[in-house]
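[1] structure, please.
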Amino acid sequence: MRDSNCLFCKIAGGDIPSQKVYEDELCCAFRDIAPQAPTHILVVPKEHIVSVAEITESDAALVGHIFAVIAKVAKAEGLTNGYRVISNAGPDAGQTVPHLHFHILGGRPLGEGLLGNN
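    Numbers count the residues shown, from 1 in each chain. Take a look at the predicted model:
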């Protein structure tokens, strides 16, 4: 189910333009508008789930599908030397849009530390 007030629901539904790189009936992937790496793509389910903290057993197939899409998108983007997948859960983790999403970051060496302000 979509949330009519959710930014990512609107993007996934095509109501707000984005630079989509992948789309199917369950999810879509689009370029981040404020990239933190040369390649920075967000993968979001079309169903509204607030964050990884809200995933239930009934979402297992959807989440598995999203990770298969992440691998497909990363390969299509030429991220052959590796990439990072991040999902923030809640405001303390830096989640700014309350809709489950996975960041694909790559295109340069990212190092061992996590990306962030600290």
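
[2] from the contact counts, what lies against the longest strand anywhere in the chain?
    For the chain, the strand that runs over the most residues, judged by DSSP state E, is strand 39-45. Strand 39-45 is packed against helix 7-12, strand 27-31, helix 60-76, strand 102-106, with contacts defined by 3 or more CB pairs under 8 Å, 6 or more residues apart in numbering; DSSP states H and E. All C-beta spots, glycine's among them, are computed from the backbone N, C-alpha and C.

[3] what do you get if the cut-off is 7 Å, keeping everything else the same?
    strand 27-31, helix 60-76, strand 102-106 (3 or more CB pairs under 7 Å, 6 or more residues apart in numbering; DSSP states H and E).

[4] and that strand with strand 27-31, angle?
    Angle between the axes of strand 39-45 and strand 27-31 is 160 degrees (criterion: axes from the mean of the first three to the mean of the last three CA atoms, to 10 degrees).

[5] hmm, back to that, so which of the helices and strands packed on strand 39-45 comes closest to residue 41?
    strand 102-106 (4.4 Å; CB to CB).

[6] state the mean pLDDT of that closest one.
    Strand 102-106 shows a mean pLDDT of 97.

[7] and the residue nearest to residue 22 when sequence neighbours are not counted, how far is that from residue 5?
    Nearest in space to residue 22, with sequence neighbours left out and distances taken as CB to CB, 6 or more residues apart in numbering, is residue 29 at 4.0 Å. Using CB to CB, to the nearest Å, we find residue 29 at a distance of 22 Å from residue 5.
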